[in-house]
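J.: Just a sequence and a predicted model for now, questions to come.
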Amino acid sequence: MPAANTILNPSWVTKDVARGFVNNLTFLANVQRTYDSQYKQAGAKVGDTVRARLPQRFTVTDGEALQQQALFDQAVPISLTNQKNVAFGWSSRQKTLEIDDARARYISPAGEALANAAEVLAFNAVYRDVYNAVGTPGVTPSGTLTYLQAGTKLTDTATPLTGRVAVLDPLAMQTIANTSSTLFNPSAVIGENYKNGMFGRRQLGIDEWYQDAVRPVHTTGTFTACTPTVNGASQTGSSIVTQSWASGATTLKKGDIITFAGVYSVNPIAYTSTGRLQQFTLTADASDSSGAITLQISPSIITSGQLQTVTASPANGAAITVLGATSSTSGTLATTVSPQSLVFHPDAFAFVMADLMKPDAGCTATTVTSKALGLSIRMVEQYQIGTDQNPSRLDILIGAATIQARLAARVFG
């Protein structure tokens with residue numbers, strides 16, 4: 001008597017897809033991943049929002065007198081922006097006679113596709129928020145100094161010294177691997193430094209190094225020769241009025257990096273100047289028609305108090321330098337495509353998944369969740385009597401956000 005057919009059921013398939021999804025994460029494997037169970041009963045939908053609380057910041061006062069400070073409970077909203085799915089199916093005859101080796105043929109590719117889509121979304125959702133930056137747009141870093149400078153940026157902003165991660169553009173990874181191969185002794189360690197696309201040991205103050213082919217690519221703005229400056233003293237907040245851009249020939253892009261002369265960053269715990277110019281990322285595209293532009297920036301210019309970010313607001317006429325420009329005086333900026341690598345602490349970013357509603361109407365639906373892994377994947381299978389087909393779909397509902405941008409640095413390449 002022949003053995004009975006072994007038919008895959010949705011729960012088995014979903015668990016294997018979940019395993020494949022987790023195993024194929026690179027960037028997302030190294031950020032805070034959260035499964036939000038508040039939607040477990042009713043199910044979530046695109047546009048729902050969860051909130052991530054930020055740590056409290058205090059200033060230290062002198063003397064015996066009580067100087068009570070305000071409590072600033074800050075939270076970053078994380079919108080569940082995208083529902084993504086992989087769908088496939090088979091006929092009853094195929095399911096009975098032809099479906100074999102399901103893990104290799106269907107499950108792993110489905111997990112890889114979902115993981116790739118999630119990585120692309122998350123990477124592109126957060127990289128423009130990061131205002132600490134090193135390197136030169138369009139130039140792959142060729143030495144270790146660039147990554148050491150990224151580490152300095154993180155140390156300046158009180159990032160923990162342990163747990164730092166680098167996720168690099170593949171060409172940047174190959175370049176730094178080649179550069180560093182002769183720098184570490186003994187030779188037995190050199191042989192273990194680079195395995196399976198990552199460094200095998202802690203290098204340059206970074207605990208773990210990875211390469212990720214789906215890293216984002218930033219295209220800078222452009223302007224012809226000009227000397228841009230700040231228009232008006234004592235400006236604070238998340239926007240600043242500027243002047244003297246190339247009239248009718250200036251376009252800046254969200255994610256471009258700028259600095260203002262005389263505006264230095266402060267350590268967020270000690271509130272002391274780092275002695276280095278504070279970098280700002282543009283939070284919106286900007287262009288001009290007369291040489292005047294109001295720029296939207298992050299971090300906000302805050303010159304005192306518990307949320308202080310800089311030593312002072314820029315002076316009227318303070319020079320503005322754009323990363324990648326030839327100079328701050330009569331400089332130009334060419335449109336440049338630049339792969340973006342990140343050096344960061346996992347607390348810089350968060351990736352959220354939530355339970356999608358389980359449909360009924362004659363289908364079989366199951367959801368695999370893991371609070372520990374921050375994971376929720378739903379599978380739905382429904383028999384179509386008219387065509388004798390069994391279409392199935394695997395869905396995820398996801399969102400990503402920058403929680404603490406100070407804990408990350410971009411490496412332009």
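T.: Okay, I see it.
J.: Number of residues surrounding residue 116?
T.: Using other C-beta atoms under 10 Å, residue 116 has 17 other residues around it. All C-beta spots, glycine's among them, are computed from the backbone N, C-alpha and C.
J.: How about the secondary structure of it?
T.: Secondary structure state of residue 116, per DSSP: H, G, I helix; E, B strand; the rest coil, is helix.
J.: Could you do residue 401 as well?
T.: On the basis of three-state DSSP, residue 401 is classed as strand.
J.: The one 10 residues further on now?
T.: Assigned state for residue 411: strand (three-state reduction, three-state DSSP).
J.: Surely it and residue 147 touch.
T.: Yes. Judged on C-beta atoms under 8 Å, residue 411 makes contact with residue 147 at a distance of 7.1 Å.
J.: Averaged pLDDT, the strand or helix carrying residue 299. What do you get?
T.: Element membership for residue 299 (DSSP states H and E) is strand 293-301. Strand 293-301 carries an average pLDDT of 98.
J.: Need the residues that contact that strand.
T.: Contacts to strand 293-301, defined as C-beta atoms under 8 Å, 6 or more residues apart in numbering, come from residues 129, 131, 235-243, 245, 250, 252, 258, 263, 278, 280-284, 286-287, 309-310, 313-314, 405-406.
J.: Find residues that contact each of residue 411 and residue 147.
T.: Common neighbours of residue 411 and residue 147 (criterion: C-beta under 8 Å, 6+ apart): 134, 141, 166, 343.
J.: Strands - which of the contacts of strand 293-301 land there?
T.: Judged by DSSP state E, the subset of the contacts of strand 293-301 located in strands is 237-243, 250, 252, 258, 280-282, 286-287.
J.: Emit the ChimeraX select command for whichever of these are buried.
T.: To isolate the buried members of those in ChimeraX, using 16 or more other C-beta atoms under 10 Å:
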select :240,242,243,250,252,258,280,281,282,286
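J.: Between the ones in strands among the contacts of strand 293-301, which sits nearest residue 162?
T.: residue 281 (26.0 Å; C-beta to C-beta).
J.: nearest residue to that closest one other than its sequence neighbours?
T.: Nearest residue to residue 281, sequence neighbours excluded (C-beta to C-beta, 6 or more residues apart in numbering): residue 131, at 4.1 Å.
J.: So the one you found versus residue 300, what's the distance?
T.: Noted for residue 131: a distance of 11 Å to residue 300, by C-beta to C-beta, to the nearest Å.
J.: Also residue 84?
T.: The gap separating residue 84 from residue 300 is 33 Å, by C-beta to C-beta.
J.: swap in residue 88?
T.: Distance, residue 88 to residue 300, by C-beta to C-beta: 47 Å.
J.: and what of residue 338?
T.: 25 Å.
J.: re the thing from before, could you report the neighbour count for the residue nearest to residue 281?
T.: 28.
J.: Tell me the pLDDT of it.
T.: On the pLDDT scale, residue 131 is placed at 98.
J.: For it, which residues are in contact?
T.: 257, 278-281, 298-299, 405.
J.: With respect to residue 210, which of the residues you listed is nearest?
T.: Minimum distance to residue 210 across the contacts of residue 131 is 20.3 Å, recorded for residue 405 (C-beta to C-beta).
J.: residues touching that closest one, list them.
T.: 129-132, 281, 298-299, 348.
J.: For my notes, confirm residue 146 occurs in a helix.
T.: Yes. Counting by three-state DSSP, residue 146 is part of a helix.
J.: Count the neighbours of it for me.
T.: Under the neighbour criterion other C-beta under 10 Å, residue 146 is assigned a count of 23.
J.: so it makes contact with residue 413?
T.: No. Using C-beta under 8 Å as the test, residue 146 is too far from residue 413 to be in contact (9.1 Å).
J.: Mutual contacts of these two, please.
T.: By C-beta under 8 Å, 6+ apart, the residues touching both residue 146 and residue 413 are residue 135.
J.: would a markdown table of the contacts of residue 131 with distance to residue 77 be doable?
T.: A markdown table is the format used below for those (distance: C-beta to C-beta, whole Å):
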| residue | distance to residue 77 |
| --- | --- |
| 257 | 24 |
| 278 | 25 |
| 279 | 24 |
| 280 | 22 |
| 281 | 19 |
| 298 | 15 |
| 299 | 17 |
| 405 | 15 |
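J.: okay, which residue is most central for the protein?
T.: residue 126 (3.7 Å; C-alpha atoms, centre = their mean).
J.: The host helix or strand of that one: how far from the chain's middle?
T.: Here residue 126 sits within helix 108-126, counting by DSSP H and E. Using C-alpha atoms, centre = their mean, to the nearest Å, the distance from the centre of helix 108-126 to the centre of the chain it belongs to is 12 Å.
J.: Packing partners of it?
T.: Packing contacts for helix 108-126, counted by 3 or more C-beta pairs under 8 Å, 6 or more residues apart in numbering; DSSP states H and E, involve helix 10-23, strand 82-91, strand 349-354, strand 389-402.
J.: re the thing from before, compare neighbour counts for residue 338 and residue 300 and give me the winner.
T.: Counted by other C-beta under 10 Å, residue 338 and residue 300 do not tie: residue 338 has more neighbours, with 24 against 14.
J.: re the thing from before, most neighbours among the contacts of residue 405, please name it.
T.: residue 131 (28 neighbours).
J.: so what's the backbone phi/psi at it?
T.: When read as degrees, to the nearest 10, the backbone of residue 131 gives phi -100, psi -20.
J.: Now do stretch 376-391, average pLDDT.
T.: 82.
J.: ok, now which ones touch residue 316?
T.: Residues near residue 316 by C-beta under 8 Å, 6+ apart: 230-233.
J.: Pretty sure it sits in a strand.
T.: No. Per three-state DSSP, residue 316 lies outside any strand segment and is coil.
J.: Could you report the separation of it from residue 291?
T.: In this view, residue 316 and residue 291 are 16 Å apart by C-beta to C-beta.
J.: same thing with residue 363?
T.: 60 Å.
J.: Noted, bye for now.
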